[in-house]
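1. The following comprises the amino acid sequence and a computationally predicted model.
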Amino acid sequence: MGNRNQYSIKRDMKAGIPVSIDAGAEFVFVERGRYLTISAGQSRMNGRRAGDVLRFDQAVDSVMIESEIDQQIELVMGFGEFNRLIVEGRLSVDERIETNALNTDLLPVEFTKTIGLVSTEELAFSAGQSLGTSSANNGTFGWSNSFFEFDHKIYLILKTEIRVFDFELNLLDTVPLLSQLSGLLGADVGNDGFAYAVRWGGIYKVNLYSGEVTLHYNYENLGAELTANFAFCRNVDGRLWLSKKQSGAFKVFNFDKHGFDSDVVFEDVGGRESVLWDKERGYLLFGYLGGGAYKVYDFKSLRYIGEEGLPASQMGGFISRKKNRVVVSHNDFLNLHVLNDVVYTAQLYIQDGQDAATKREYYITGNYTFLIRGAGVVIRGEIISAILQGLDISGGLSSNYLDYVVSLKYTDGNYALLRDAGSSSFAYRGFNDVGELFLESEVTIKLLPQYLTAQI
């Protein structure tokens with residue numbers, strides 16, 4: 001049973017930026033973290049890590065914490081007696097991986113893949129360049145807002161079916177709808193995994209796997225303010241946001257399972273007709289049909305950020321910065337555009353063992369060199385990055401990907417090598433990502449499961 005005079009604190013720390021914890025305490029115990037400076041009043045301790053405790057001569061009103069590295073920390077603070085042995089004993093039996101920025105009790109997942117070389121020829125794309133277009137369907141004109149990203153795929157809801165694409169706009173699946181959805185104005189996926197399709201007069205709940213359609217909310221009696229020209233935005237904190245152009249203003253309404261809030265969320269985007277969702281930055285971008293400058297707002301605070309341009313005109317869509325992609329719609333087809341200038345260093349392939357049916361070719365970014373070794377080629381550089389780019393995990397390569405890697409077994413053409421961080425991540429151990437990988441060869445990697453998707 002927890003002590004009501006003691007409480008747990010979690011904070012995401014940035015290197016060199018002090019954080020004040022405004023809470024009274026007689027002691028601070030570091031449950032998770034390292035390279036910490038803890039100070040309060042005249043007391044100051046440097047180089048603190050998990051297991052250390054700082055007790056003050058008298059109670060303090062606040063504590064200042066500073067970290068030498070980016071990481072997530074956990075502290076126990078409070079008053080009275082504190083049994084350090086109980087906490088240390090619990091920590092010693094916990095099966096969890098120590099990381100810099102993650103809080104996880106999940107054990108790593110191990111799997112093996114074969115990596116090979118396709119081409120060392122560089123391939124460059126300019127911002128806005130088209131990477132592909134989905135096949136047109138003249139019977140679905142006007143569905144420009146009825147698609148969204150879910151489970152690292154693109155879902156498109158039409159009048160009679162759901163279409164599922166990958167990020168190269170290849171059609172993966174088609175799910176017939178059990179009821180027609182004519183007059184679609186927009187759609188998005190909720191936190192519950194169901195899609196919510198907006199039509200004049202109502203919001204319909206759609207099962208993405210069975211195609212079942214049910215009326216979720218009927219708003220046709222709420223007046224003209226809410227019954228025409230909706231464009232569906234995105235859900236946040238379990239709420240669905242609806243927007244519409246009316247009287248020169250683009251209004252955004254907040255909706256939850258109980259109905260619409262009485263107030264308009266904001267309408268300071270006059271004349272704008274389309275909405276883009278920049279998920280990685282948490283921004284909404286309001287623009288004109290056909291392009292031009294976008295007005296950018298923080299999604300949660302509604303704070304106005306400023307104007308910026310995008311390299312592709314659109315009628316609706318979303319941005320995946322990890323994949324350097326902008327997905328936009330033009331009436332009856334989807335376009336895929338490059339978001340920023342990119343140079344691909346080489347093309348590799350990945351597959352399961354020698355099973356050519358599982359082979360996927362992919363391009364890699366980064367600084368790499370290649371050299372002949374024996375009967376194959378060695379790629380030199382950030383080899384874990386090259387592997388993870390082929391796994392297509394978590395919607396693209398994260399900047400802190402080494403905080404998810406626990407072990408890598410591979411060969412450089414001369415030796416079978418093993419790099420293992422034990423009960424920690426590579427980033428936590430301070431391992432870098434520089435090495436040589438023989439192509440073709442098998443690699444065995446352990447990753448924390450938060451970084452995995454069905455695409456591995």
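-> All right, it came through fine.
2. For the rest of this, base every contact and every neighbour count on C-alpha atoms.
-> Will do.
3. Name the next helix or strand downstream of the helix or strand of the chain with the lowest mean pLDDT, please.
-> Every helix and strand of the chain was ranked by mean pLDDT, DSSP states H and E. The lowest is helix 84-93, at a mean of 44. Using DSSP states H and E, the next helix or strand after helix 84-93 towards the C-terminus is strand 109-119.
4. contacts for that next one?
-> 346-354, 361, 377, 387, 439-449 (Cα atoms under 8 Å, 6 or more residues apart in numbering).
5. Mark which of those are buried, thanks.
-> Buried subset of the contacts of strand 109-119 (neighbour count, 16 or more other Cα atoms under 10 Å): 346-352, 377, 387, 439-443, 445-448.
6. Any regions of the stretch 301-450 of the chain where pLDDT drops low?
-> 314-316, 331-332, 394-395 (pLDDT under 70).
7. can you give me the strands in it?
-> In the stretch 301-450 of the chain, strands defined by DSSP state E, counting those that start in this stretch lie at 304-308, 317-320, 325-329, 334-338, 342-344, 346-352, 355-364, 369-373, 376-381, 405-411, 416-420, 435-439, 441-447, listed in chain order.
8. in terms of contact count, name the helices or strands touching the shortest one.
-> Using 3 or more Cα pairs under 8 Å, 6 or more residues apart in numbering; DSSP states H and E as the contact criterion, the secondary-structure elements in contact with strand 342-344 are strand 123-125.
9. in the strand it packs on, what counts as buried?
-> Phe125.
10. picking up where we left off before, nearest to Lys279, out of the strands of the stretch 301-450 of the chain?
-> Among the strands of the stretch 301-450 of the chain, strand 317-320 comes nearest to Lys279, with 6.8 Å by Cα to Cα.
11. Name the surrounding residues that touch the closest one.
-> Contacts with strand 317-320, where a contact means Cα under 8 Å, 6+ apart, come from 144-145, 147-149, 275-280, 325-329, 395.
12. What subset of the residues you listed is buried?
-> Buried, going by 16+ other Cα under 10 Å: 144-145, 147-149, 275-278, 325-329, 395, out of the contacts of strand 317-320.
13. Of those residues, which is the nearest to Val213?
-> Phe147 (16.1 Å).
14. Can you classify the residue lying closest to the closest one once chain neighbours are set aside by secondary structure?
-> Of all residues not flanking Phe147 in the chain, Leu156 sits nearest, at 4.2 Å (Cα to Cα, 6 or more residues apart in numbering). Following DSSP: H, G, I helix; E, B strand; the rest coil, Leu156 is assigned to strand.
15. Just the local confidence number for Leu156, please.
-> pLDDT, Leu156: 86.
16. Identify all residues paired with it through a beta bridge.
-> Beta bridges link Leu156 to Phe147, Arg163, judged by DSSP bridges.
17. ok, now how distant is it from Thr411?
-> 43 Å (Cα to Cα, to the nearest Å).
18. Kindly report the same for Tyr401.
-> On the measure of Cα to Cα, Tyr401 and Thr411 end up 21 Å apart.
19. Equivalent analysis for Gln6, please.
-> 50 Å.
20. show me what contacts Leu448?
-> By Cα under 8 Å, 6+ apart, the residues touching Leu448 are Leu106, Leu107, Pro108, Val109, Tyr404, Val405, Val406.
21. got a markdown table for these, with neighbour count and distance to Pro311 too?
-> Shown next, in a markdown table, are the contacts of Leu448 (neighbours: other Cα atoms under 10 Å; distance: Cα to Cα, whole Å):
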| residue | neighbour count | distance to Pro311 |
| --- | --- | --- |
| Leu106 | 12 | 40 |
| Leu107 | 15 | 41 |
| Pro108 | 21 | 39 |
| Val109 | 16 | 38 |
| Tyr404 | 27 | 32 |
| Val405 | 25 | 34 |
| Val406 | 28 | 38 |
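22. Can you get me a residue count around Gln58?
-> 9 (other Cα atoms under 10 Å).
23. for Ser399, same thing?
-> Ser399: 9 neighbours (other Cα under 10 Å).
24. And it, how far from Gln6?
-> 35 Å.
25. Then Glu66?
-> Glu66 sits at a distance of 21 Å from Gln6 (criterion: Cα to Cα).
26. cool, and Arg44?
-> According to Cα to Cα, Arg44 and Gln6 sit 21 Å apart.
27. of these two, who's got more company?
-> Legend: neighbour count by other Cα under 10 Å for Arg44 and Gln6, higher for Gln6 (18 against 14).
28. does the closest residue to the more buried one other than its chain neighbours have beta-bridge partners, and which?
-> In space, and not counting its chain neighbours, Gln6 is closest to Gly78: 4.0 Å by Cα to Cα, 6+ apart. Bridge pairing for Gly78 (DSSP bridges) gives the partners Gln6, Phe27.
29. Output the contacting helices and strands for whatever helix or strand Asp188 lives in.
-> Assigned by DSSP H and E, Asp188 belongs to strand 184-189. On a contact count with 3+ Cα pairs under 8 Å, 6+ apart, strand 184-189 meets strand 147-150, strand 195-199, strand 230-236.
30. what about that strand, distance to the chain center?
-> Distance of strand 184-189 from its chain centroid, counting by Cα atoms, centre = their mean, to the nearest Å, is 21 Å.
31. Given it, what are its sheet partners and their directions?
-> Going by DSSP bridges, the partners of strand 184-189 are strand 195-199 (antiparallel).
32. what's the neighbour count on the closest residue to Phe299 other than its chain neighbours?
-> In this structure, Phe299 finds its nearest non-sequential neighbour in Tyr283, 5.0 Å apart by Cα to Cα, 6+ apart. Neighbour count for Tyr283, taken as other Cα under 10 Å: 21.
33. so Tyr283 bridges to which residues?
-> For Tyr283, the beta-bridge partners are Asp278, Asp298 (DSSP bridges).
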